[in-house]
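>>> build me a model:
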Amino acid sequence: MSKTITVGIADLNAVRSPDVLVTYALGSCAGICLYDQATKIAGLAHILLPSSSMSRNMDLKEAMKFADTGIVLLVKKMEGMGAHRANLKAKIAGGAQMFAFKSASSDLGNIGARNVQSVKQTLAQLHIPIIAEDTGKDYGRTVFFYGENGAMKVKSVKKGEWVY
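Down below sits the predicted model:
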């Protein structure tokens with residue numbers, strides 16, 4: 001019997017098959033799903049902001065907020081469970097522009113795009129390929145990530161649901 005584990009905002013977790021991870025309220029935030037097919041270990045991070053350089057007081061909880069530190073923490077957690085970094089593949093979702101701003105270049109207006117860019121940069125630095133992506137646009141998402149097979153199910157009130 002599988003358990004469903006909720007990953008909150010600015011949070012992360014990892015599970016073994018057959019457990020499922022879920023995160024809600026991915027608007028401008030980014031959800032990063034990492035999977036090791038060989039060990040069937042799945043990890044999910046809910047990233048709030050692009051860069052830890054925005055932080056004044058970095059502790060563990062604070063580090064989970066940012067793409068550049070949160071993804072590294074997720075990889076370490078998964079490795080601690082037996083996953084191998086060389087086997088990890090990523091699927092990402094979120095990074096929407098939830099509100100219309102007069103200036104799309106404002107830091108607040110493009111936080112979703114900046115989150116996605118930072119996620120991609122961090123994954124590239126860690127040599128983790130992105131094999132599926134559902135990012136941008138103007139709607140929120142809920143992500144379910146399955147430890148059994150690495151499937152990422154995305155649900156949206158506006159658009160329905162689909163699987164990567």
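>>> from Val72, how far out is Lys25?
For the record, residue 25 is Ala, not Lys. Noted for Ala25: a distance of 23 Å to Val72, by CB to CB, to the nearest Å. For every residue, glycine as well, the C-beta is placed using N, CA and C.
>>> do the same with Ile131
Here the criterion is CB to CB. By it, Ile131 lies 20 Å from Val72.
>>> which of the two has more neighbours?
Comparing Ile131 with Val72 by neighbour count (other CB atoms under 10 Å), the higher total belongs to Val72, at 17 against 14.
>>> buried ones in the host helix or strand of the more buried one?
In the assignment (DSSP states H and E), Val72 maps to helix 67-80. Of the residues in helix 67-80, 67-75, 77-79 count as buried by neighbour count, 16 or more other CB atoms under 10 Å.
>>> one more: stretch 81-101?
For stretch 81-101, by 16+ other CB under 10 Å, it's 83, 88-97.
>>> from the residues you listed, which has minimum pLDDT?
Lowest pLDDT of these: Gln97, 91.
>>> isn't it right next to Asn115, touching?
No - counting by CB atoms under 8 Å, Gln97 stays clear of Asn115, with 10.8 Å between them.
>>> what's the overlap in contacts for the two?
Common neighbours of Gln97 and Asn115, using CB atoms under 8 Å, 6 or more residues apart in numbering, are Ser28.
>>> now the helices for this protein?
Applying DSSP state H to the chain gives helices spanning 60-63, 67-80, 111-125.
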